[in-house]
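Q: Below is the sequence, then the predicted model.
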Number of protein chains: 2
Amino acid sequence: MLKVNETKTPQTVADHAQIVRPHPHCAHHIKGDDCRVCQVRPLGICAVLEPDEWATIEQISQTVPFAERDTLVSETDDCTHFYSITAGVARLIRHLPDGRRQVMGFALPGDFLGLSLGKAWSFSVEAITPMTTCRFARHAIVQLVDQKPHFLMRMHEMASAELNLAQDHMVLLGRLTAEEKIGTFLLEMRRRWARIDGHTSQNVPLPMGRQDIADYLGLTIETVSRTINQMQRARHLVIVPDGIRLMDAAYFEHLSPSV
Amino acid sequence: MLKVNETKTPQTVADHAQIVRPHPHCAHHIKGDDCRVCQVRPLGICAVLEPDEWATIEQISQTVPFAERDTLVSETDDCTHFYSITAGVARLIRHLPDGRRQVMGFALPGDFLGLSLGKAWSFSVEAITPMTTCRFARHAIVQLVDQKPHFLMRMHEMASAELNLAQDHMVLLGRLTAEEKIGTFLLEMRRRWARIDGHTSQNVPLPMGRQDIADYLGLTIETVSRTINQMQRARHLVIVPDGIRLMDAAYFEHLSPSV
DNA sequence: CGCCATGTTGATTTCTATCAAATTGAGTGG
DNA sequence: CCACTCAATTTGATAGAAATCAACATGGCG
């Protein structure tokens, strides 16, 4: 088992991750307050920082763990803190008054919550797996952004990338069939994991449940389940614990109109 | 080009809706290279500039008009110029290889094309009405952003607002019914026109065609037509030339889950 | 006046949602 | 270790909302 750092990371996180989590990034524990060993630094907001700026960030950050199902932020909350995800997966979600939900996206290691720098959240963030985050007070980041234009530029780049993804997703929601939605989603998850761990594997971890996938793709849980199982019957993929294994890349790339 | 007449106050949306062009901003042509008379300056990217900075902007901008159906930028183009819209309406659109389209949004006066500052466009922009734009070379804006952090901050604010709208739209596309989509769209357009002309009118100009509305809402043209006409039969609205008139605000606000 | 794009309306189909039930499987406690 | 429980998932039957297919109407414009 990985050594847990001295700052009291809950035992449950490590235990759970070792046992049931399929993906290494759900298991790695990183000292969010020691940038030198931060494994997501090259991916995240901090990638733009020079080593001599790490101390600045460390002073304004805290490592904050969350358990599965914890709510990191609620869409009704004021935004007092920002989060950089160092381990685990969360869903970004909007709730309608009548109980309908739309999952805006999934936050993976390296992702930053609060790119808009605004005073209010516009979505809730709920932990899907045990998580570790690097937390920043909003005022500290606002100050940093004022002082370091290249940091603001990095924020803007990441927000722009996010906007681009949102537009991809609008095409998916508005114009793709259920089969195309699922196929595109699986390729998207493979690409995102590959960016994190540097490998392109046929195995695509899916830490989120079927209901989350449905609410992300604008489908029902039954349609998600049926479609994935049809793909398995057609030998395009194999369902494995906590994910799927892509068996027929050509099929998925043909299915995904944007590729 | 029409000369701007400072003494003449623009006609309201309501006035114009009864006649030909539904909105004054579709007809008025503004000297984009004279910031003193720019009618969209308080709305757009330039709102953050001090009067002594107007000269800087004027030096790097050109007024460029477009005719109806012109393509301002193509999704395959490199991004050499940015545009601030001073008059007219455009659609932001993505095309799938098989001809399906998703309209990402409509660009109205005050909107800026190129908020991401990236080197490539991710959508096409097509003029729905005759347009006037203020065009900037990309390198000039990049330089400006480097020199003036408050300009970058303004870009970031506007991009964040855009991201927020994109997320609203994901909820709409993923989880609303056809009736809710149409109702939400009409309220959105009313709100956006109100921001531009300062009036809240029951008349909502719709310079875009039914097909554009359909491709924006993830519906077919037939469903859009049917739904709007059902709303008219139910006396919730009246279809007028180039738009609609909302007759039953309570109905629409009840229909739109986010309000 | 007639043409062509745009919009409307009607009939029918289809995809996905809904409703309902069975199955799996991880966690719990005897 | 195994029965039990509860949530998540899968599967089946049916319904329904919107798409599709097909005319038909409108209206701006040469």
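A: Yes, it's here.

Q: rest of the way, CA atoms for contacts and neighbours
A: Noted.

Q: For the closest residue to A:S116 other than its chain neighbours, identify the helix or strand it belongs to.
A: Excluding the flanking residues, the one nearest A:S116 by CA to CA, 6 or more residues apart in numbering or on different chains is B:S160, at 4.9 Å. Following DSSP states H and E, one finds B:S160 within helix B:149-175.

Q: Report the distance from that helix to the chain centre.
A: Helix B:149-175 has its C-alpha centroid displaced from the chain centroid by 14 Å (CA atoms, centre = their mean, to the nearest Å).

Q: how far is the following helix or strand past it from where the chain is centred?
A: The helix or strand immediately downstream of helix B:149-175 is helix B:178-197, counting by DSSP H and E. How far helix B:178-197 lies from its chain's middle: 12 Å, per CA atoms, centre = their mean.

Q: and the residue in the stretch 1-150 of chain A that DNA strand D sits nearest to, how many neighbours does it have?
A: The nearest approach of the stretch 1-150 of chain A to DNA strand D comes at A:R69, 9.3 Å away (CA to the nearest atom of the strand). Burial of A:R69 is recorded as 14 neighbouring residues (other CA atoms under 10 Å in any protein chain shown).

Q: cool, and the one 10 residues further on?
A: Residue crowding around A:C79 was assessed by other CA under 10 Å; the count is 18.

Q: Could you do the one 10 residues further on as well?
A: For A:V89, the number of neighbouring residues by other CA under 10 Å comes to 24.

Q: My understanding was that it contacts A:L108; is that so?
A: Yes: between A:V89 and A:L108 there is a contact at 5.0 Å, judged by CA atoms under 8 Å.

Q: Can you pull the residues that touch both of these two?
A: Common contacts of A:V89 and A:L108 (CA atoms under 8 Å, 6 or more residues apart in numbering or on different chains): none found.

Q: What residues does the stretch 51-200 of chain A have near DNA strand C?
A: Selection of the stretch 51-200 of chain A residues close to DNA strand C by CA under 7 Å from any atom of the strand yields A:176-179.

Q: Which one (most neighbours) among those?
A: Ranking these using other CA under 10 Å puts A:L176 first, with 22 neighbours.

Q: Ramachandran angles for it?
A: phi -100, psi 150 (degrees, to the nearest 10).

Q: Could I get the pLDDT score of it?
A: According to the prediction, A:L176 has pLDDT 98.

Q: Over to A:S122?
A: Reading off the model, A:S122 has pLDDT 96.

Q: Could you pull up the residues touching it?
A: With CA under 8 Å, 6+ apart, A:S122 has these contacts: A:75-76, A:94, B:164.

Q: mind listing which of the residues you listed are in helices?
A: Secondary structure from DSSP state H places B:N164 of the contacts of A:S122 in helices.

Q: Quick check: the farthest pair among the contacts of A:S122?
A: A:T76 and B:N164 (14.6 Å; CA to CA).

Q: More neighbours: which of the two?
A: Taking neighbours as other CA under 10 Å, A:T76 and B:N164 compare with B:N164 leading, 18 against 11.

Q: Any chance of the backbone angles for the residue nearest to that one when sequence neighbours are not counted?
A: Leaving aside its sequence neighbours, B:N164 sits nearest to A:S122 (CA to CA, 6+ apart; 7.3 Å). With angles defined as degrees, to the nearest 10, A:S122 sits at phi -120, psi 10.

Q: measure A:D168 to DNA strand D for me?
A: Taken as CA to the nearest atom of the strand, to the nearest Å, the spacing of A:D168 relative to DNA strand D amounts to 18 Å.

Q: Please name the residues that touch the residue of the stretch 1-150 of chain A closest to DNA strand D.
A: With CA under 8 Å, 6+ apart, A:R69 has these contacts: A:126-129.

Q: Could you rerun that using 10 Å?
A: Shown in contact with A:R69 (CA atoms under 10 Å, 6 or more residues apart in numbering or on different chains): A:90-91, A:125-130.

Q: just A:A178 next, same as before
A: A:172, A:184, A:214, A:217-220, A:223-224, A:227.

Q: Filter those residues down to just the buried residues.
A: Among those, the ones that count as buried by 16 or more other CA atoms under 10 Å in any protein chain shown are A:172, A:184, A:214, A:217-220, A:224, A:227.

Q: For chain B, tell me which of those show up nearby.
A: Filtering the buried ones among the contacts of A:A178 for neighbours of chain B using CA under 10 Å from any CA of the partner chain leaves A:172, A:214, A:217-219.

Q: Which of the residues you listed fall in helices?
A: Short answer: those in helices (DSSP H) are A:172, A:214, A:217.

Q: B:R135: which of the residues you listed is nearest?
A: So of these, ranked by how close each gets to B:R135 (CA to CA), first place is A:L172, at 31.2 Å.

Q: got the contacts of A:A178 as TSV, with distance to B:I57 columns?
A: Output for those, formatted as TSV (distance: CA to CA, whole Å):
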residue	distance to B:I57
A:L172	38
A:T184	42
A:A214	47
A:L217	42
A:G218	43
A:L219	47
A:T220	50
A:T223	53
A:V224	51
A:T227	53
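
Q: ok, which stretches of chain A are strands?
A: Here chain A has its strands, by DSSP state E, at A:61-66, A:71-73, A:81-87, A:90-95, A:101-107, A:112-113, A:124-127, A:131-137, A:203-205, A:237-240, A:243-246.

Q: The fifth one near DNA strand D anywhere?
A: Read it as strand A:101-107. No: Strand A:101-107 lies apart from DNA strand D when judged by CA under 7 Å from any atom of the strand; the minimum separation is 14.2 Å.

Q: The fourth one too?
A: No: in terms of CA under 7 Å from any atom of the strand, no part of strand A:90-95 sits within range of DNA strand D; the closest distance is 13.8 Å.

Q: buried set for that strand?
A: For strand A:90-95, using 16+ other CA under 10 Å, the buried residues are A:90-95.

Q: so which of these are also by chain B?
A: A:93-95.

Q: so, in contact with chain B or not, stretch A:130-150?
A: Yes: Stretch A:130-150 reaches chain B (CA under 10 Å from any CA) through A:145-150.

Q: Pop the domain breakdown of chain A in here.
A: Domains of chain A are assigned by automatic domain parsing as A:11-172, A:176-255.

Q: To B:P205, which of those domains lies closest?
A: So among the domains of chain A, domain A:11-172 is nearest, using CA to CA, at 24.2 Å.

Q: So what's the gap between that closest one and the chain middle?
A: 8 Å.

Q: could you list every residue that touches A:K181?
A: A:169, A:171-173, A:175, A:213-214, A:216-219, A:224, A:227, A:255-257.

Q: coming back round to it: nearest to B:L237, of the contacts of A:S122?
A: Scanning the contacts of A:S122 for proximity to B:L237, where the rule is CA to CA, the winner is B:N164, at 28.0 Å.

Q: and the stretch 1-150 of chain A, which residues reach chain B?
A: A:93-98, A:100-105, A:114-118, A:121-123, A:145-150.
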